[in-house]
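Undergrad: Test case, fold it:
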Amino acid sequence: EYLRQFLTPLALAIWFMDDGNRHSGGVRFATHCFQKKDLERLILILKEKYDLNVSMHRTGKEDQFILYIPKKKYDSIFNYRFI
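TA: Just a heads-up that it's a prediction; the model follows:
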């Protein structure tokens, strides 16, 4: 899939610095403008490529969601070496 090749560890780090934050010990990404079907595809790619258990949470507004990665998988995101 086209998107898979661009979701590198560096891309995830940049995405986190831009639209991510720590929450309840885990990590969440602001994905309010993504469509639900696109988030479902993104979750699948992150699971397959990095073994991340990502969940989609409602923001309280209709058809808006954020992605959440629990604390137990948080460290695995930032333990990749870029060199």
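Undergrad: By residue count, which helix of the protein is the longest?
TA: The longest helix of the chain (DSSP state H) is helix 36-50.
Undergrad: where does Phe82 land on pLDDT?
TA: Among the per-residue scores, Phe82 shows a pLDDT of 46.
Undergrad: Point out where this structure drops to low pLDDT.
TA: Residue ranges of the chain with pLDDT under 70: 73-83.
Undergrad: One more pass at 90, please.
TA: 1-3, 8-10, 12-13, 22-26, 50-52, 70-83 (pLDDT under 90).
Undergrad: Pull the number of nearby residues for the nearest residue to Arg4 once chain neighbours are set aside.
TA: If the residues on either side of it in the chain are set aside, Arg4 comes closest to Ile45, at 5.3 Å by CB to CB, 6 or more residues apart in numbering. Bear in mind the C-beta positions are built from the backbone N, C-alpha and C, glycine included. Neighbour count of Ile45, defined by other CB atoms under 10 Å: 17.
Undergrad: ditto for Lys36
TA: Using other CB under 10 Å, Lys36 is surrounded by 12 other residues.
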